[in-house]
Structure formats: structure tokens, C-alpha cells
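**Student:** The sequence isn't on hand, but the structure is:
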């Protein structure tokens, strides 16, 4: 019974109902005029507020969409420019005419931007379009200097480096529309600097805001009409009724506002404290109504936020430690790769000195003695020695860059590696090709060849295997290379990043090459049960 009459156990709806019942019983006439005035002001305020908020939402949406569009365009120019530079880096002697005639380069340069835009390559110094979506537009632009001054100004500004901006563009129908361009410099091997333009009509990014503007305007108009109608109806209803209870209404309104606003004020103070970083702040609202439940929810939120913040700090510290570990492994890998390259250079130099050069000295001496009667040398012997030197030089050439890869492709090159393995180590090698064979980019062929070469080298040197198998699978969108042996296997580290630290540069190099192609390397091994490498790359 005590709880029934306890004010703190009443819901807000019950409190408001009780208050207004008291007002209506004392006198409904006094509050009529005040209600009429307040309702009119409330209606006007609601109309003004909804209109202002709607317009602000439209303006903010348009601004942010335009900014987002600008960022997308500038990022697109940077991405395509980097792709072009990577492509040109492998073709240092490419001229402008060769660029125009290269379909792969044109496909890299001309990419869509938004719905109507695209990327293109310009020479800012000579004011000339090098590669364009429409080849007919690949021409000199000097005639636009007067017709489109904003475009010309942006073109000349791009000579100094990266830039972006708006400009006017002349359409086919003679109209002029505003466009936005992100411009990124592209360095060529001959020292010139071209510009990669990513451009489109910026208005296409703000089209959703225009449609939203129409819908918000229509909704505001409907709401305004509805509010005005309700205000008029209420005014007509309460104009005479509420005329008497002004003083009572004021007192009860103050009491009601105090009851409602005290917990809300506490929530406000708590929100400010949490906003300043005091995540241990808790509310002490004792109400049992909806505001009390809100205070409890606020306390739960603050506790959860405190927990999440601590977890975030721990996760950030762990990520920093992982990054440091990765960087350390990378430095070790690069140092050991450099040492391995230097050792290989020394080996080749030593073999050239000890074998090829010495053999040439002998041939030179034999040639000098060839005319002597007592020399015992014949042209046939000298010719055999020269052929032996040629075979040695050809072997060095094959080790550095086998011509079979360039002449015949990946599959014959892999078969040559397998044949060489059998000749040099008596390890039986099986090769299986599945799927429809197709041409791959030269860099993909080279990387797969080097991975196979390194894997077979590891098998010959370390595995103790008698049989190895190579399987190449051509799938629809990937190519898989599987190499396994029946050797002694090894103990695999939990993370491949530890391979460089242990000096296992072969596996590390294979992993790095696979990642350069956007692929993966999976190692399956067990002591005395052999090893299987699976390399999967997009193709």
C-alpha cells in the first residue's frame, strides 16, 4: 500500500495525468488562454525548427558528398598514377608514341571515375593529351587557353606537381559545366613528368542530396500544414475553456518541471563528465520510473565504455609490438638477402676467374703454339676447348636468366628445371599440368619460375628426397603451383615471418614473391614425411 502512494514509484505518464487531473478539477477555464498561446508558439516553433533542420541537413549532405567526391577523385588519380609508374618502370625506353600504341598501358591509364568521369594522361608542359578515353581527343590544347581560362590555369598549375581543383568544360552542345580534377605527376624514364588526370562532374556526387532536398521539403510542408491545422483546432477548442487556472497551472508546471528536469540535469552532468574522460563517473538517481531506468542504462554504458577503452589500449599496445616484430624480421631478411646476393656474385666471379678465364688463357697459348711442329696441338683440340668454354658460359647464362622462359614460356621452363634436377641429383621428378593452359603476364611467369627454381634447389640441397612432384593447376581465376617431395621434412615455425630470422631465406623469398603477385604460400611439412608447398595467385 505504501508503494502505491509513493511518488518515486509512479511512472511519468501517471504523474503527468495526476497533475492535469488536478488542474482540470480545480478549474479548466484559467489555463485556456495560456494553452492557446503556448500551442500557437509551439506550432510556429515546430514549423521553424523543422524547416531550419531540413535545410541544414540538405546543406550538410551536399557539402559532405562533394568533399567525399573530391577525395575519391584525388585518390583515384594517385592510384592510377602509381600503376602507370610501375608499368613504365619495367619499360624504361618507351616513347610517347609507344605509350599511345600500347593497349595494356591504355587500359591502365583510362579507368572510370564515378559514373561519367574517367582518367587520362596529359603532357602539361606541351599542353597535349597523350592518352584519352576517346582517341580523337588526343591533341594539343592550346586553343582552350582563351575559351576555357579556368581549365588552362589548372593545367599550367599542374606543371609544378600534384594539384586538384574545379574548372569549366565546354560540352559538345556548346554548354559549359563545372568539373573537378585530381592531378598526380607521373615520372618517366627520360626525366619528363606527365600528369594523370582523374576528372568527372562533381554534381553527380551531390545528386542524392538533391533528391533528399525535394523529399525533405515535401515532408516539411506536410508537417507544417498538419501542425497549423492542429493548432487551429486546439485554439478553437480551448479558447473559452482554459481561462481561470493561470496561477495554479504555473505552480503545478514548476513542480512538474522540477520533478522531470532534476534527473535529466543529473544525466547532463554525467554525460559531460564522461565526455571529459571520467569513465568512472556514475549517476545516483533513485527514481524507479523511466528516468531511473535511463540512469541505470547510462551507468551500464559508462562501465562498458570503460571496459572497451581498456581493451582498446591493450590491443593497440599488442599491435605496436607486432609491428615492431615484423619490422625487425624484415630488416633481418633484407640483410641476409643482400649477403646472399653478394655471395652469389662472388661465386660467379670466382668461377669465371678460375674456369673461364683460365681456359681462355690456355686456348690463347694453344693458338700461339698451333703453328709449331712440336706443339702437339691441333685445331680440333682447340675447337673442343672453345666449345667447352661456350658451354660453361651458357650454363652461367641459364642460371642467371634461362632463355627458355622467354622463348617457350612457363611450362617448358619448369620441365627444364625438373630435367636439370634429375641430371644433377638423380631425384625422380614428375610433372602434371591440369586445366586449360593460357598465357600469363611476363612478371607472373618469372615469379612462378623463380619459386619453382628455389623450391627444387631446397629439395636438392636439404630434403634428402628421392621423388618430387610438380603440379600446375589452371583454374578460372587463379593458378596454383604445388610442389611436394618424400624427403625428411622440417619443423615449421608458427609464423612465416620467423623464417628470415632463422636464415631460411629460400622459403622467405618464395613467400615474398607470392605476395608481390597478390597470392599466398602455404607450407605443409612433417619430420620424415616430406614437404608440400602450395602457391596460389590470381591469374
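**Tutor:** That came through, no problem. Here the structure is a predicted model, which means the values were calculated and not measured. Numbers count the residues shown, from 1 in each chain.
**Student:** contacts, neighbours, all on C-alpha from now
**Tutor:** Noted.
**Student:** How many residues are close by the closest residue in space to residue 475 that isn't next to it in sequence?
**Tutor:** Computed as Cα to Cα, 6 or more residues apart in numbering, the closest residue to residue 475 that is not its neighbour in sequence is residue 435, at 6.2 Å. When neighbours are counted by other Cα atoms under 10 Å, residue 435 registers 11.
**Student:** for residue 424, same thing?
**Tutor:** Applying other Cα under 10 Å, we find 9 residues neighbouring residue 424.
**Student:** Point me to the helix or strand that includes it.
**Tutor:** helix 410-425 (DSSP states H and E).
**Student:** could you give the angle of the following helix or strand past that helix to helix 410-425?
**Tutor:** Downstream of helix 410-425, the first helix or strand assigned by DSSP H and E is strand 428-435. On the basis of axes from the mean of the first three to the mean of the last three Cα atoms, to 10 degrees, strand 428-435 is oriented at 170 degrees to helix 410-425.
**Student:** Show me what strand 428-435 is packed against.
**Tutor:** In terms of contacts (3 or more Cα pairs under 8 Å, 6 or more residues apart in numbering; DSSP states H and E), strand 428-435 is packed against helix 410-425, strand 467-474.
**Student:** Could you tell me the least trusted of these?
**Tutor:** Lowest mean pLDDT within these: helix 410-425, a mean of 87.
**Student:** What helices and strands are in contact with that helix?
**Tutor:** Helix 410-425 packs on helix 403-408, strand 428-435, helix 442-458, going by 3+ Cα pairs under 8 Å, 6+ apart.
**Student:** list the buried ones in the last one?
**Tutor:** Counting neighbours by 16 or more other Cα atoms under 10 Å, one finds that the buried residues in helix 442-458 are 444-456.
**Student:** And for the closest residue in space to residue 538 that isn't next to it in sequence, the neighbour number?
**Tutor:** Nearest residue to residue 538, sequence neighbours excluded (Cα to Cα, 6+ apart): residue 478, at 4.3 Å. Other residues within reach of residue 478, judged by other Cα under 10 Å, total 12.
**Student:** can you check residue 172 too?
**Tutor:** 7.
**Student:** So the residue nearest to residue 538 is in contact with residue 537, correct?
**Tutor:** Yes. Assessed by Cα atoms under 8 Å, residue 478 is found in contact with residue 537 at 5.6 Å.
**Student:** Touching both of those two, which residues are there?
**Tutor:** Common contacts of residue 478 and residue 537 (Cα atoms under 8 Å, 6 or more residues apart in numbering): none found.
**Student:** now the helices for the stretch 101-250 of the chain?
**Tutor:** 103-109, 144-147, 149-157, 207-238, 246-275 (DSSP state H, counting those that start in this stretch).
**Student:** Could you save the ones you listed as a markdown table and add columns showing mean neighbour count and distance to residue 488?
**Tutor:** Formatted as a markdown table, the helices of the stretch 101-250 of the chain follow (neighbours: other Cα atoms under 10 Å; distance: least, Cα to Cα, whole Å):
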| stretch | mean neighbour count | distance to residue 488 |
| --- | --- | --- |
| helix 103-109 | 15 | 46 |
| helix 144-147 | 13 | 72 |
| helix 149-157 | 17 | 65 |
| helix 207-238 | 16 | 64 |
| helix 246-275 | 15 | 61 |
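**Student:** which stretch in these is the model least sure about?
**Tutor:** Among these, helix 246-275 carries the lowest mean pLDDT (a mean of 68).
**Student:** three-state assignment of residue 521?
**Tutor:** Here residue 521 is recorded as strand under DSSP: H, G, I helix; E, B strand; the rest coil.
**Student:** Measure how buried it is and give me the count.
**Tutor:** Residue 521 has 21 neighbouring residues, counting by other Cα under 10 Å.
**Student:** Likewise for residue 426?
**Tutor:** Applying other Cα under 10 Å, we find 14 residues neighbouring residue 426.
**Student:** cool, the one 4 residues further on as well?
**Tutor:** Residue 430 has 14 neighbouring residues, counting by other Cα under 10 Å.
**Student:** Would you mind naming the residues that bridge with it?
**Tutor:** Residue 430 forms beta bridges with residue 469, as assigned by DSSP bridges.
**Student:** got a list of what it touches?
**Tutor:** Residue 430 neighbours (Cα under 8 Å, 6+ apart): 418, 467-470.
**Student:** Quickly note the distance from it to residue 415.
**Tutor:** Distance of residue 430 to residue 415, computed by Cα to Cα, to the nearest Å: 9 Å.
**Student:** cool, residue 389 as well?
**Tutor:** 25 Å.
**Student:** what about those two, which has more around it?
**Tutor:** Set side by side, residue 389 and residue 415 show more neighbours around residue 389, with 19 against 15, by other Cα under 10 Å.
**Student:** SS state for the more buried one?
**Tutor:** At residue 389, secondary structure determined by three-state DSSP is helix.
**Student:** Specify the angle between the helix holding residue 424 and helix 442-458 in degrees.
**Tutor:** Using the same axes, to 10 degrees: helix 410-425 against helix 442-458 is 20 degrees.
**Student:** Name the residues of helix 410-425 that are buried.
**Tutor:** Quick answer for helix 410-425 (16+ other Cα under 10 Å): 410-411, 413-414, 417-419, 421-422.
**Student:** cool, stretch 181-194 as well?
**Tutor:** 181-188, 193-194.
**Student:** which one among the residues you listed gets closest to residue 292?
**Tutor:** residue 182 (54.2 Å; Cα to Cα).
**Student:** got the phi/psi numbers for the closest residue to residue 282 other than its chain neighbours?
**Tutor:** Leaving aside its chain neighbours, residue 282 sits nearest to residue 299 (5.5 Å; criterion: Cα to Cα, 6+ apart). In terms of degrees, to the nearest 10, the main-chain angles of residue 299 are phi -60, psi -40.
**Student:** For residue 299, list the residues it contacts.
**Tutor:** 281-283.
**Student:** Name the member of these with the most neighbours.
**Tutor:** Highest neighbour count within these, by other Cα under 10 Å: residue 282, with 20 neighbours.
**Student:** Confirm that residue sits in a strand?
**Tutor:** No. In this structure, residue 282 is coil, not part of a strand, as judged by three-state DSSP.
**Student:** who touches it in this structure?
**Tutor:** 270, 299, 302.
**Student:** before we move on, what about residue 531?
**Tutor:** 484-490, 523-525.
**Student:** if you set the cut-off to 10 Å instead, what comes out?
**Tutor:** Residues near residue 531 by Cα atoms under 10 Å, 6 or more residues apart in numbering: 459, 463, 465, 468, 483-490, 523-525.
**Student:** what separates the nearest residue to it once chain neighbours are set aside from residue 302, distance-wise?
**Tutor:** Leaving aside its sequence neighbours, residue 531 sits nearest to residue 525 (Cα to Cα, 6+ apart; 4.3 Å). Separation of residue 525 from residue 302 (Cα to Cα) stands at 50 Å.
**Student:** Looking at these two, which is more packed in?
**Tutor:** Counted by other Cα under 10 Å, residue 525 and residue 302 do not tie: residue 302 has more neighbours, with 21 against 18.
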